[in-house]
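**Student:** Starting from these lines, generate the structure:
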Amino acid sequence: MKLWLENWEEYGDALQLGLGGAEVTDSGSNATEKLTALEYVQLMRDTLAATTFELDDEAVDTTIEGVPCRILKPKGETKGVYLHFHGGGMVAGAAFMGDVENRHLADTFNLAVISIDYRLAPENPFPAALNDSYSVSKWLVSNASEEFGTRSIIIGGESAGAYLALMTLIEARDSSDANETQEFIGANLTFGIYDWGGTPSQLGSRPSPNDFDVLSPEIINFFTSQYLPDKGIADRRNPQISPMYADLTGLPDALFCVGTADHLLDDTLFMANRWKASGNDCELLVYPRAPHAFTMFPSNFIELFSTQRDSWFKKILTN
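**Tutor:** Have a look, this model is predicted:
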């Protein structure tokens, strides 16, 4: 039984072909036989662009602190703000990719949604995306009440976006403004990468190693090399880069979600355990045989995931 659409498998095949079928190099030499890093990134961006995403007609593209953002407002009175970060391996993706889910959250829970178009590697490696995220977060904490009539903020994202959301939470907690973290009432963290030094599943150890996944150890390694060029494993595990090794105390209730076929499985399992061990509340949702990014395309898990995620949002907003 297929748990995902054929075009998602084709997307994964295209990424594997681009990386595995034609060796990625850092220079333009032998370009007729090998893809350069930038050519491979462009392949990924083009493949995503060719995917049909339903756009929200009422979304507003703007800038906050010089960072491009996409804002969706609810049809009713705003009860909270959802600060969202898209996925894409730190090298691709855009805020509009989340329009359908963000519109659902906006109207179901009366949330204003701000989705950030942070800068991408390799043109803008670490820490550009984090700096963009921090800038928008600080603005939101200072202006949420005036702009949206609420001080309740949920933060979240998918894949690389979940990573940025978590790093932004940690930065807010460590800010000189003691009230900054208190504005964040929840974190929606979906199949994120939290250890850039590599977890066992990133390196290929999964419960069902033959299950389809859009990711592979080679693709993850490529993303890492573009986001963190010239950094070895020890540097990649610096807490300022990998939240798996950061102090996690004093963070809000979180929802973690991942599939067992996902090469980022261990990142979520390990982080959820560290979250609880640090004294925070969280829920962990694990979907059997679901690949990375399964929530972005129709599958047999979507209805269940949506119901469970919505239940968590309702709990956070009514507490």
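**Student:** Which parts of the stretch 201-319 of the chain are strands?
**Tutor:** Using DSSP state E, counting those that start in this stretch, the strands of the stretch 201-319 of the chain run over 254-259, 282-287.
**Student:** ok, and which of the ones you listed has the densest surroundings?
**Tutor:** Comparing these by mean neighbour count (mean count of other Cβ atoms under 10 Å), strand 254-259 ranks first with a mean of 26. Heads up, the C-betas are built off the backbone N, CA and C, glycines and all.
**Student:** That one pairs with which strands?
**Tutor:** Next to strand 254-259 in the sheet, as set by DSSP bridges, lie strand 184-190 (parallel), strand 282-287 (parallel).
**Student:** Extract the C-alpha trace of the longest one and format it as PDB.
**Tutor:** Pointing back at strand 184-190 there. Output in PDB follows, covering the C-alpha atoms of strand 184-190 (Å, rounded to 0.1, in the frame of the first residue of the first chain):
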ATOM      1  CA  PHE A 184       6.400  31.800  23.400                       C
ATOM      2  CA  ILE A 185       3.700  29.400  24.700                       C
ATOM      3  CA  GLY A 186       4.500  26.400  22.400                       C
ATOM      4  CA  ALA A 187       6.800  24.900  19.800                       C
ATOM      5  CA  ASN A 188       5.500  22.800  16.900                       C
ATOM      6  CA  LEU A 189       8.600  20.900  15.700                       C
ATOM      7  CA  THR A 190       8.100  18.600  12.800                       C
END
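**Student:** tell me the mean pLDDT over that strand?
**Tutor:** Strand 184-190 carries an average pLDDT of 98.
**Student:** Please identify the buried residues of stretch 55-66?
**Tutor:** 56, 59, 64 (16 or more other Cβ atoms under 10 Å).
**Student:** ok, now stretch 143-163?
**Tutor:** The neighbour-count check on stretch 143-163 (16+ other Cβ under 10 Å) flags 144, 147-148, 150, 152-163 as buried.
**Student:** Looking at those, which are in helices?
**Tutor:** Among these, the members found in helices (DSSP state H) are 144, 147-148, 160-163.
**Student:** Least confident secondary structure element in this structure?
**Tutor:** Counting by mean pLDDT, DSSP states H and E, the chain has its least confident helix or strand at strand 24-25, which shows a mean of 52.
**Student:** next structured bit after that one?
**Tutor:** Next in sequence after strand 24-25, counting helices and strands by DSSP states H and E, comes strand 35-36.
**Student:** how about Ile316, what does it touch?
**Tutor:** 154, 185-186, 253 (Cβ atoms under 8 Å, 6 or more residues apart in numbering).
**Student:** Switch those residues over to TSV; also include distance to Pro209.
**Tutor:** Formatted as TSV, the contacts of Ile316 follow (distance: Cβ to Cβ, whole Å):
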residue	distance to Pro209
Ile154	35
Ile185	38
Gly186	34
Asp253	33
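**Student:** can you list the weak-confidence ranges in the stretch 51-200 of the chain?
**Tutor:** 52, 176-181 (pLDDT under 70).
**Student:** ok so, going back, which stretch among the strands paired with strand 254-259 approaches Thr36 most closely?
**Tutor:** Between Thr36 and the strands paired with strand 254-259, the tightest spacing by Cβ to Cβ is seen for strand 184-190, at 31.0 Å.
**Student:** Using CSV, list the CA coordinates for stretch 223-236.
**Tutor:** Extracted C-alpha coordinates of stretch 223-236, given in CSV (Å, rounded to 0.1, in the frame of the first residue of the first chain):
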residue,chain,number,x,y,z
PHE,A,223,23.1,20.1,3.0
THR,A,224,25.5,20.2,5.9
SER,A,225,28.5,21.0,3.8
GLN,A,226,26.6,24.0,2.2
TYR,A,227,25.2,25.3,5.4
LEU,A,228,28.3,24.8,7.5
PRO,A,229,31.3,24.9,5.1
ASP,A,230,34.7,24.2,6.5
LYS,A,231,33.3,23.0,9.8
GLY,A,232,34.3,19.6,11.2
ILE,A,233,32.0,17.3,13.3
ALA,A,234,33.2,18.9,16.6
ASP,A,235,32.4,22.4,15.4
ARG,A,236,29.0,21.2,14.0
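**Student:** Enumerate the positions of it that are buried.
**Tutor:** 223-228, 231, 236.
**Student:** from those residues, which is closest to Val136?
**Tutor:** The closest of the buried residues of stretch 223-236, once distances to Val136 are taken by Cβ to Cβ, is Tyr227, at 18.9 Å.
**Student:** Fine by me, we can end here.
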